[in-house]
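Colleague: Using only what follows, build the 3D model:
(2 chains, ligands or ions: 3)
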Amino acid sequence: MIPGAFDYHRPSSVEEAVALMGQYGLEARILAGGQSLIPAMRYRLAQPAVLVDINKLPNLAYLSEENGMLRVGALVRDTDVEFHQDIQSRYHLIADVSQVVADPIVRYRGTVVGSLCHNDPSGDWAATAIAARAQMVIRGQGGERTEAIDDFIVDSFTTSIQEGEMAVEARFPVPNTRTSGAYEKIERKVGDYATAAAAVQLELAQDGTIKEIGIGVTAVALKALRVAEGEKLLRGQKPTRDLIRAAAEEAAKIADPNPDARGSKEYKKDMARVLVGRGLVKALGRLGVKI
Amino acid sequence: MQITLNINGQDKKMDVEPRTLLAHAIRDAGLTGTHIGCDSSSCGVCTVLLDGNIPVKSCTMFAVSAEGHPITTVEGLAGSNLHPIQQAFHDQHGLQCGYCTPGMMLSSVALLERNPNPSEDEIRFALSGNLCRCTGYQNIVKAVQQAAQAMNQPAGAAADD
Ligand SMILES: Cc1cc2nc3c(=O)[nH]c(=O)nc-3n(C[C@H](O)[C@H](O)[C@H](O)COP(=O)(O)OP(=O)(O)OC[C@H]3O[C@@H](n4cnc5c(N)ncnc54)[C@H](O)[C@@H]3O)c2cc1C
Ligand code: FES
Ligand code: FES
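Modeller: Ligands and ions are numbered 1, 2, ... in the order given. Predicted coordinates for the structure are as follows:
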């Protein structure tokens, strides 16, 4: 199918892009990798009157550590992360997810920031960003603001980005040597959205207790969710089988999935539990802790 | 709008709408080796290379966005001889109906550029965005292995086999 007609703009600076977004308001959409937007336009699920193509913007493809944060510019493609050896070896959660988002070709074009902005309730980056406690940097004509991922993710396909704004960066805290994580996803085939998926990231204190922990789940509600009660159970504790089991149960409690071809409500709820449990065990295993 | 796309080393001026998909622009330019196989960006038969080594689904990109990025389609693979990946698909019987083959070969070329000695698992992983309804993939994997070997041989060595 062929997308509806639109006016095309290809700004050469973020300022110009933001000005265009301000000028056209809700009529306009940012075009990043296009891997979600173009299929939606072909199906005529989306019919924006104006597209602002950011692919030619200079200096937005950076991937660098600064002040304890990994800064992921709006034009960093999934493959930039997947093929980045240093990130693959130190960012366990991000390394996992970078190999299961969509399919290998889609990852050459799709952007990390675009996925977070799209905020598909089954998207893989949102749960990852929740577990890693990421931040989003949003630019408007009035200036820039930084928002915690929990405030950024508002609802299905809805973020806190306002009319006339765009996201310029996602920021992930740099893990230390006692930090690990894992991404566990069930999919029917490569390139399918998750039936259910869980992201976990944790940091151990010197005494082996869990100092910090993040747990996110996706595809089991109208948006990616933080399993806050599960995090609470584990924070400050020495990880045990029983505690992990109890924390994983909390994921099933908050999951409210829609039944579809990928599975029933009961199945998906239970998979949220199973995947959180597996993710925790894997992350701990990567730190040499056997459960 | 008027755009110029560089396809297989040749500049082609074309008149497109902003909504014209790259796959359609390429096919309208007479290069029908780039196929269209689905409506959901899932099958990969429309894969072309941007900037020489970046595989993209040309059904999921607007032609205007490809301006300034040289495009390689299957027609651009062969020089005076078949490209090693084409020769390998031929030798190993890596195709049956051939519908998926252009995309398979271009994805394979991108893989071999990034990783000249892929394991079987790495080949299967890299091609998992390209669907084939005929072959069962077995001979496609063999073809990529043969091409890897051929491309790793110093120039001229192949003739001594
Ligand atoms: C076959 C296929 C399978 C897929 N499977 C998965 C999967 O398993 N898991 C998964 O998570 N995703 C999947 N995806 C989606 C893919 O990962 C998308 O690339 C990604 O979600 C969106 O990134 P993009 O850069 O392509 O964004 P686009 O498609 O360009 O944009 C998506 C939306 O975000 C907005 N946007 C983009 N960038 C910005 C910005 N900087 N500021 C403000 N708004 C912005 C756009 O306006 C648009 O509304 C799949 C896609 C395909 C085609
Ligand atoms: S035609 Fe199927 S992915 Fe492009
Ligand atoms: S050879 Fe027929 S689809 Fe692959």
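Colleague: all contacts plus neighbour counts: C-alpha atoms, from now on.
Modeller: Fine.
Colleague: Just confirm A:Ala251 is within a helix.
Modeller: Yes: counting by DSSP: H, G, I helix; E, B strand; the rest coil, A:Ala251 is found in a helix.
Colleague: part of a helix, is A:Glu147?
Modeller: No: counting by three-state DSSP, A:Glu147 is not part of a helix but strand.
Colleague: who's in contact with B:His70?
Modeller: To be clear, residue B:70 is Pro; His isn't right here. B:Leu5, B:Asn6, B:Ile7, B:Asn8, B:Gly9, B:Leu50, B:Asp51, B:Gly52 (CA atoms under 8 Å, 6 or more residues apart in numbering or on different chains).
Colleague: Just flag the most distant two among those residues.
Modeller: Farthest pair in those (CA to CA) is B:Leu5 and B:Gly52. Separation: 13.7 Å.
Colleague: Can you read off the pLDDT for residue 84?
Modeller: No chain specified, so I'll use chain A. Note on A:His84: pLDDT of 98.
Colleague: wait, I meant chain B there
Modeller: pLDDT, B:Pro84: 98.
Colleague: any idea which helix or strand carries the residue lying closest to it once chain neighbours are set aside?
Modeller: Of all residues not flanking B:Pro84 in the chain, B:Ala147 sits nearest, at 5.3 Å (CA to CA, 6 or more residues apart in numbering or on different chains). According to DSSP states H and E, B:Ala147 maps onto helix B:138-152.
Colleague: what mean pLDDT does that helix have?
Modeller: Taken as a whole, helix B:138-152 has a mean pLDDT of 97.
Colleague: okay, that helix in CSV with CA atoms only?
Modeller: Only the C-alpha atoms of helix B:138-152 are listed here, as CSV (Å, rounded to 0.1, in the frame of the first residue of the first chain):
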residue,chain,number,x,y,z
GLN,B,138,20.1,-24.9,4.0
ASN,B,139,21.6,-24.1,0.6
ILE,B,140,21.5,-20.4,1.2
VAL,B,141,23.7,-20.9,4.2
LYS,B,142,26.1,-23.0,2.2
ALA,B,143,26.2,-20.4,-0.5
VAL,B,144,27.2,-17.7,2.0
GLN,B,145,29.9,-20.0,3.3
GLN,B,146,31.2,-20.5,-0.2
ALA,B,147,31.2,-16.8,-1.0
ALA,B,148,33.0,-16.1,2.3
GLN,B,149,35.7,-18.5,1.3
ALA,B,150,35.9,-17.1,-2.2
MET,B,151,36.1,-13.5,-1.0
ASN,B,152,38.8,-14.3,1.5
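Colleague: anything in that helix sitting right up against ligand 3?
Modeller: No: contact of helix B:138-152 with ligand 3 (CA under 6 Å from any ligand atom) is absent, the minimum separation being 8.8 Å.
Colleague: That helix - contacts with which helices or strands?
Modeller: helix B:84-91, helix B:120-126 (3 or more CA pairs under 8 Å, 6 or more residues apart in numbering or on different chains; DSSP states H and E).
Colleague: Centre of the chain to the last one, how far?
Modeller: Which is helix B:120-126. Mean-position distance between helix B:120-126 and its chain equals 16 Å (CA atoms, centre = their mean, to the nearest Å).
Colleague: Can you give the contact residues for the lengthiest helix in chain A?
Modeller: Longest helix in chain A, counting residues (DSSP state H): helix A:265-286. Applying CA under 8 Å, 6+ apart, the contact partners of helix A:265-286 are A:180-185, A:195-202, A:215, A:217, A:220, A:244-245, A:247-253, A:255-259, A:290-291.
Colleague: let's see 6 Å
Modeller: With CA atoms under 6 Å, 6 or more residues apart in numbering or on different chains as the test, helix A:265-286 has contacts from A:180-182, A:184, A:198, A:248-249, A:251-252, A:255, A:257-259.
Colleague: Please report how far B:Met14 lies from ligand 2.
Modeller: For B:Met14, the distance to ligand 2 equals 21 Å [CA to the nearest ligand atom, to the nearest Å].
Colleague: Looks to me like that residue is in a strand.
Modeller: Yes: secondary structure of B:Met14 (three-state DSSP): part of a strand.
Colleague: Neighbours of residue 18, how many?
Modeller: Picking chain A for this. 23 (other CA atoms under 10 Å in any protein chain shown).
Colleague: meant chain B actually
Modeller: 21.
Colleague: re earlier: more crowded one of B:Leu5 and B:Gly52?
Modeller: Neighbour count, other CA under 10 Å: between B:Leu5 and B:Gly52, B:Leu5 has more, with 23 against 17.
Colleague: Quick check, the more buried one in contact with B:Val16.
Modeller: No: counting by CA atoms under 6 Å, B:Leu5 does not reach B:Val16; the two are 11.0 Å apart.
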